[in-house]
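Enquirer: prediction below, plus the sequence it came from.
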Amino acid sequence: MEYTSKETLLKNGKTCLLRLAEESDAEMLLEYLKVTSGETSYMIREPEEVRTSVEEEVEFIQRNRENPRALMLLAFADGVFAGSCSFAPRSERMRLRHRCNIGISLYRESWGMGIGTALMEEIIAHAKAVGFEQAELEVVSTNLPAIALYKKMGFETNGTVPHAMKYKDGAYADLLFMVKYLT
């Protein structure tokens, strides 16, 4: 998908650049997945589960860029990589083509600056522009800052998956299924 880079001003006065993920970002993105997976218990993977090769990540980025119904944006606060947000079709089946999944994560040090809001606004606008009628995401039920962001963006909780995640220590986390109607 095509995207024109955009700059926005954050709460702290820093400038945030939003741009498409590029093949040259592959190694940086893999390191980011490892770090963010270890920073909180809100991610779906453990850091050691990030086993994608740089070549595989390059191919993933290429496929994403070539897909007219998918978008992966990266955010840079004053030139420093802060996080990413994306949407992709839930399925290409005719009965499900109106739905997309949204994913977002930021380095912990970038929370609360307005980067998540900037990314979500862009992703939602572009998902709507390419014809999606419904955006969906899942979030750990105790991730209150993320839930507040999603509600601010117009998402509503439509269900809970109890014990959806199980941690190394045996503890469980519930996931909330949230939906935003784009039409």
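Expert: Done, it's in.
Enquirer: from M1, how far off is the residue most central in space within the chain?
Expert: Centroid-nearest residue in the chain: I104, 1.9 Å away (criterion: Cα atoms, centre = their mean). Look at I104 and M1: by Cβ to Cβ, to the nearest Å, they are 17 Å apart. Where you see a C-beta, it was placed from the backbone N, CA and C, and this is true even at glycine.
Enquirer: what about the closest residue in space to the residue nearest to the centre of the chain that isn't next to it in sequence, how many neighbours?
Expert: Excluding the flanking residues, the one nearest I104 by Cβ to Cβ, 6 or more residues apart in numbering is C85, at 4.1 Å. Residues contacting C85 under the criterion other Cβ atoms under 10 Å number 24.
Enquirer: from what I can see C85 touches N101, true?
Expert: No - in this structure C85 lies outside contact range of N101 using Cβ atoms under 8 Å: 11.5 Å.
Enquirer: in which helix or strand would I find the residue lying closest to S5 once chain neighbours are set aside?
Expert: Using Cβ to Cβ, 6+ apart and skipping residues adjacent in sequence, the residue nearest S5 is R19, 4.1 Å away. Under the criterion of DSSP states H and E, R19 resides in strand 15-20.
Enquirer: helices or strands up against that strand?
Expert: Applying 3 or more Cβ pairs under 8 Å, 6 or more residues apart in numbering; DSSP states H and E, one finds that strand 15-20 contacts strand 6-9, strand 71-77, helix 115-129.
Enquirer: any idea how far the residue lying closest to M165 once chain neighbours are set aside lies from A164?
Expert: For M165, ignoring the flanking residues on the chain, the nearest one in space by Cβ to Cβ, 6+ apart is A173 at 4.4 Å. The spacing between A173 and A164, counted by Cβ to Cβ, is 7 Å.
Enquirer: again, but for V35
Expert: 23 Å.
Enquirer: more neighbours: those two, which one.
Expert: A164 (16 against 13).
Enquirer: tell me what the residue nearest to the more buried one when sequence neighbours are not counted is bridged to.
Expert: Spatial nearest neighbour of A164, excluding adjacent residues (Cβ to Cβ, 6+ apart): L175 at 3.9 Å. Counting by DSSP bridges, L175 is bridged to V140, V161.
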